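*Asks:* Starting from these lines, generate the structure:
(chains A, B, C and D)
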4 protein chains.
Amino acid sequence: MKKYSFKNDYSEGCHPNILEALIKTNLDQQNGYGYDDYSNEARKLIKRKINDENADVHFVSGGTQANLLVISSILRPHESTISAETGHIFTNETGAIEATGHKIHGIVTEDGKLKPEHIQSVLDSHTNKPHQVKQKLVYISNSTEIGTIYQKQELKELYEFCQANNLYLFLDGARLGQALTSEINDLTLQDIANFTDVFYIGGTKNGALLGEAIVITNDNLKEDFAFHVKQKGAMLAKGRLLGIQFLELMKNDLYFDLAKHSNVQAMKIKSAFQHRGFQFLSDTFTNQIFPILNNSQIKKLSGNFDFYVWKKIDEDNSAIRLITSWATPDEVVEGFLKEIERL
Amino acid sequence: MKKYSFKNDYSEGCHPNILEALIKTNLDQQNGYGYDDYSNEARKLIKRKINDENADVHFVSGGTQANLLVISSILRPHESTISAETGHIFTNETGAIEATGHKIHGIVTEDGKLKPEHIQSVLDSHTNKPHQVKQKLVYISNSTEIGTIYQKQELKELYEFCQANNLYLFLDGARLGQALTSEINDLTLQDIANFTDVFYIGGTKNGALLGEAIVITNDNLKEDFAFHVKQKGAMLAKGRLLGIQFLELMKNDLYFDLAKHSNVQAMKIKSAFQHRGFQFLSDTFTNQIFPILNNSQIKKLSGNFDFYVWKKIDEDNSAIRLITSWATPDEVVEGFLKEIERL
Amino acid sequence: MKKYSFKNDYSEGCHPNILEALIKTNLDQQNGYGYDDYSNEARKLIKRKINDENADVHFVSGGTQANLLVISSILRPHESTISAETGHIFTNETGAIEATGHKIHGIVTEDGKLKPEHIQSVLDSHTNKPHQVKQKLVYISNSTEIGTIYQKQELKELYEFCQANNLYLFLDGARLGQALTSEINDLTLQDIANFTDVFYIGGTKNGALLGEAIVITNDNLKEDFAFHVKQKGAMLAKGRLLGIQFLELMKNDLYFDLAKHSNVQAMKIKSAFQHRGFQFLSDTFTNQIFPILNNSQIKKLSGNFDFYVWKKIDEDNSAIRLITSWATPDEVVEGFLKEIERL
Amino acid sequence: MKKYSFKNDYSEGCHPNILEALIKTNLDQQNGYGYDDYSNEARKLIKRKINDENADVHFVSGGTQANLLVISSILRPHESTISAETGHIFTNETGAIEATGHKIHGIVTEDGKLKPEHIQSVLDSHTNKPHQVKQKLVYISNSTEIGTIYQKQELKELYEFCQANNLYLFLDGARLGQALTSEINDLTLQDIANFTDVFYIGGTKNGALLGEAIVITNDNLKEDFAFHVKQKGAMLAKGRLLGIQFLELMKNDLYFDLAKHSNVQAMKIKSAFQHRGFQFLSDTFTNQIFPILNNSQIKKLSGNFDFYVWKKIDEDNSAIRLITSWATPDEVVEGFLKEIERL
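*Replies:* I've put the predicted structure just below:
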């Protein structure tokens, strides 16, 4: 029997509603390139949820694509972006942003989150104009790549700092659903739209086969965006595939239900580890947890389950990473909790 | 009632076999990024069909993405590519190739196909080194953007010319199925592999939701290709979506059956126009036809059908473009033939 | 004895006034990067000559550098430029513009000059948005690469057309001196400034060791230009070298005297050929002439003189290219005229 | 009276020998683009000095240009370079390297120098292929941007580490003369050639008006380099200007005499500060020194001299940066020493 994998949140296909919608609409002829009825309808739903009829919504295939598209469409050649060193664009996208010509300033953070003082320090060390790049954009992720989330006050302050310093704020929402349904979250989707210039709603890691919905709320950044989408190879001929999925995810808030499910499953596991007195690499409230186990415990757990050994703590102990998803079944979690009991 | 559209071959979803496979495999956990079982199996099938176990196969979302990936991975900064002016990269990809830093030499052709003498003329006018770019790659499409196809002897001569002149030959196969199942075709998929350095098999325009299979046969071009795929945002987390589709298309040659169907439907329509004495903008044998009609005929036909008016011939006449697809039903074609009769 | 070369206008060093100024100022300590007194003074002179105190003037080393800097600083990633196929950027800069990410539309012209109808034809064939690049800039040269020049009315109409179509007009002035001192010229330097958005005054081909003065008159294009200069490696630490040269060239209109000299020398030679009944490849009034000679005449002339055989006319005849410069001595021209007499 | 400036080593023009050579050769007609006799002769001299007849030597205008040219000519799109965070390319070139598409990994160092363990740590944290860039080149400077230099054993170990790890080693020699004539130096120019794959000899900061000589010793990196030089706008029409200067600098080792002079002047000043018990920000043996003074001392010194206040140490004290050059006169140094005495 195959082991159950907690390695990531994109191991399965998609939510059954999406498959049903694909079947139902399959032979309906539609316009290409995102001008189909489903995409139009999905865009409407998203704009309604953020209460901004003027927002622009573009659907693309994945996170790296969304990141490089947004950043390269905004920056002029001499401008740079600021990111945490744990940021996906800084470390895990094969230099995709630099490949479009732009420097990323990496910032060491405690918890994967950027604060105004981080940005200020970069600005302070780049005053030798025109010999140094000009900072123009701040990139953050919510939830972050290490599972932490922004509180409303934090995001608001960061956004106001950016506005005061002529910087755009871009939020990578590959796991935005998980952030907004975390038990400690106090942000709404509308807040996200209000306190950023552009962000995206991640589908791939929350029940879609593929797809991220880029939402541009700042008028300065809207013009000609579709040209960039086409140029970077991100415009699907059958854009309906993306539209249908976001339509299903946005209808009846399925998107948030799925994200909440993944969080709940992770919190059950976290709780079990906590009760047994285990420590964690960082204290997370989304679908990623990083318990610290000794080598023999890791070996035992990996008998029936797959996961990444994330970081060596010392000779005898390591943090492992466990990720749950919209599809993680209750019975699997229960089985895993029993194994924790036995450690 | 909605008009039937002959505007393009990506108006519908996908072949039902693909939907069935998506349903069947949906909750099976798989590795991400193209390392899933389905992608592995699909790669094997493709390599078997071209009889080259050493070929590298990469699945990506669309044609523009495939084109920019292949070309930017091959060329060094000072090198250029040669294309027909009708070539998709030259005219319809929002400067995607130039955006990766490379010049495209556009060549005016009669029929969308490149011949050795075309290439030679570019070489001859670029001898002022190092003040002019260095030509390194020839880009062709089969079938071409205007529906014509290469004969075996033509492709072979072009490939040999490229080899003699230290040029790579890259074939855009967005509509490769239609080319290889055309009634006047004498090429096999294995020939395509033998007489190019790299090519791709287009899924989007032949029954898939999305997806092109890039096949690299020249060893020089294989190294590190996956890095480029990731960097350009073309690596899907759920690569299974591409693998499953190509597995279905390649199994039992469904791919070729679908392409043949689209060709047959187009040829029925072409034949009807021919019998009625209509002229054509170009003589095509794939799923695109360009009959020349007068304005009143165009108006009549567009009552129940959608299509592009492609090129104005004179005040009274224009060529229209009709594209059929894997999904074009017999009854629609029959209905259309009746309308032709009534013109 | 060495042959005298008519191959180009950069075979010698620089005008003696420049050498004297270099000696005189040599040990004077100055700010780097173009903020020295000489550059400041030269900028003032140029702004006075075009009667625009708000213009921005930047000195860079050469023409390719000026071209790639201006164009890449203006265009966003999805925007393109339009040029004659004889344009330096299209054919003789090793893809420098494409290397910054932008397509150049090449236009076949009779005389190297662009007209509104040329631009209109490009606009007309690029209406399929966002699948095609967006035209944003028109690049012209005066004098052109084949020695022709724009008349005031021509430039004005082109500029007005550009303004009406939301296009910037950029004039490559590598040989601007020669254009403005041609016997058929009716443009002033101020006209050039008025009827373009940005242009440059070429020093390298008119008496300087190196250097082009980029003049930006359109406010939209001024911001942050120095960042681009630095980023592209075009900002000299000892910017004084450029400032001193342009100061000497602009003082007392030395620049125009030198250009006029080169034109006069060329016209003497042209006249001699005309009197003897020779034909020309094109009818030029600057320092480049293209007489058509038979092979034996070419052989004779090349006994004591160097020049390029430019274009084969037929088996027996070719056009040669003769270029004179600020440094071409009267006695050399007289010697050459005598050889023409003997043909 | 103007203050004497210790702000940098490019405040003056050039060594008088160069001016004399410019005068002497001024009207001699020469080939353009670096194919003149002087450039050829200078190349020969350099190759002789490094005892490598097969090296390729290219002259370009400045350091940023040399850096971006070398790096962009070597790296494929997915490859990156490693640099100290104090490295010129990392911090002071307006993102020039990223603008060519490549990530720079910045390393915090004690003294501006890279060691094998620094490189190893980058390699160790980039093993997630193909999701992370591939390291391919190590960039170092000698002397470094903060005045320190490499010892022979250090350079050798670094080079061997690079070779063992399939990395190229590139040495920025903007101040190579100062490094090689430092009193603690044990490297020769030939060692530099032996223990790197490519490096350059800086002229701008050591007596030339402008110019860096790029020397490529690794055969893999030689092909087509001139295309890159042209494409990046770095190929001067009057390449003679660079050739003449390097010919003068290399003849009779003028280059090393000038560098030594700048070092000696700096060491006199350093010694004076040391005798008075001042501390330094770092212990340097080239033409840059960083003494720490209190605010009132800084104010006094700046009465007659210009220099940068480099780094605030605490409320009362800062390090200043003093740079001497080939042109710094003895009497100026003596005057400055007297002021130090009076502090």
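*Asks:* Tell me how many other residues surround A:Gly202.
*Replies:* The tally of other residues near A:Gly202 (other Cβ atoms under 10 Å in any protein chain shown) stands at 27. Using the backbone N, CA and C atoms, a C-beta is placed for each residue, glycine as well.
*Asks:* what's near enough to touch it?
*Replies:* A:63, A:173-177, A:212 (Cβ atoms under 8 Å, 6 or more residues apart in numbering or on different chains).
*Asks:* Out of those, give me the one that has the most neighbours.
*Replies:* Scoring these on neighbours with other Cβ under 10 Å, the highest-scoring entry is A:Gly177 at 32 neighbours.
*Asks:* Can you name the residues of the stretch 1-150 of chain A that neighbour chain B?
*Replies:* Counting by Cβ under 8 Å from any Cβ of the partner chain, the positions of the stretch 1-150 of chain A adjacent to chain B are A:2, A:4-5, A:8, A:10-14, A:16, A:19, A:22-23, A:25-32, A:60-69, A:93-96, A:99.
*Asks:* Show the low-confidence segments of the stretch 1-150 of chain A, by residue range.
*Replies:* Under the criterion of pLDDT under 70, the regions of the stretch 1-150 of chain A flagged as low confidence span A:1.
*Asks:* Chain C contacts on the stretch 101-250 of chain A?
*Replies:* Along the stretch 101-250 of chain A, the residues adjacent to chain C under the rule Cβ under 8 Å from any Cβ are A:101, A:129-131, A:133-134, A:224, A:226-231, A:235.
*Asks:* which pair in those spans the largest distance?
*Replies:* Of all pairs drawn from these, the one with the largest separation by Cβ to Cβ is A:His131 and A:Met235; the distance is 37.7 Å.
*Asks:* hmm, back to that, so which of the residues of the stretch 1-150 of chain A next to chain B are in strands?
*Replies:* A:4-5, A:60 (DSSP state E).
*Asks:* Adding neighbour count, write those out as JSON lines.
*Replies:* Compiled in JSON lines, those are given as follows (neighbours: other Cβ atoms under 10 Å in any protein chain shown):
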{"residue": "A:Tyr4", "neighbour count": "19"}
{"residue": "A:Ser5", "neighbour count": "18"}
{"residue": "A:Val60", "neighbour count": "30"}
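*Asks:* C:Ile340: which of those residues is nearest?
*Replies:* Distances from C:Ile340 to these, taken as Cβ to Cβ, are shortest for A:Val60 (66.6 Å).
*Asks:* Pick the one among the ones in strands among the residues of the stretch 1-150 of chain A next to chain B closest to D:Gly277.
*Replies:* Ranking these by separation from D:Gly277, with Cβ to Cβ as the measure, puts A:Val60 on top at 64.0 Å.
*Asks:* Now do the contacts for that closest one.
*Replies:* With Cβ under 8 Å, 6+ apart as the criterion, the residues that contact A:Val60 are A:66, A:69, A:211-212, A:214, A:229, A:234-235, A:242, B:233.
*Asks:* Return the subset of those lying in strands.
*Replies:* Residues of the contacts of A:Val60 located in strands (DSSP E): A:212, A:214.
*Asks:* out of the contacts of A:Val60, who's nearest B:His275?
*Replies:* Minimum separation from B:His275 among those (Cβ to Cβ) is found for A:Met235, which lies at 39.3 Å.
*Asks:* can you pull up the bridge partners for A:Val60?
*Replies:* Legend: beta-bridge partners of A:Val60 under DSSP bridges are A:Glu212.
*Asks:* Can you name the residue of the stretch 51-200 of chain A nearest chain B?
*Replies:* Using Cβ to the nearest Cβ, the closest approach of the stretch 51-200 of chain A to chain B is made by A:Gln65 at 3.1 Å.
*Asks:* circling back to that earlier point, looking at A:His131 and A:Met235, which one has more neighbours?
*Replies:* Here A:His131 and A:Met235 are compared on neighbour count by other Cβ under 10 Å; more neighbours surround A:Met235, at 27 against 19.
*Asks:* hang on, isn't that one packed against A:Val229?
*Replies:* Yes - with contact defined as Cβ atoms under 8 Å, A:Met235 counts as touching A:Val229 (4.8 Å).
*Asks:* Residues that sit against both of these two, list them.
*Replies:* When contacts are counted by Cβ under 8 Å, 6+ apart, the set common to A:Met235 and A:Val229 consists of A:60, C:130.
*Asks:* what residues does the stretch 101-250 of chain A put near chain D?
*Replies:* A:101-104, A:106, A:128, A:130-133.
*Asks:* For those, work out which two are farthest apart.
*Replies:* For those, and using Cβ to Cβ, no pair is farther apart than A:Gly106 and A:Pro130, which are 22.2 Å apart.
*Asks:* Show me how chain A divides into domains.
*Replies:* With domains defined by automatic domain parsing, chain A comprises A:4-10+A:255-342, A:16-253.
*Asks:* Tell me which of these is the most buried.
*Replies:* Sort these by mean neighbour count, taking mean count of other Cβ atoms under 10 Å in any protein chain shown, and domain A:16-253 sits at the top with a mean of 21.
*Asks:* dump the residue contacts of the closest residue to chain C within the stretch 51-200 of chain A.
*Replies:* For the stretch 51-200 of chain A, the residue closest to chain C is A:His78, as judged by Cβ to the nearest Cβ, at 3.7 Å. Listed by Cβ under 8 Å, 6+ apart, the contact set of A:His78 reads A:130, A:133-134, C:224, C:227-228, C:230-231, D:94-95, D:99.
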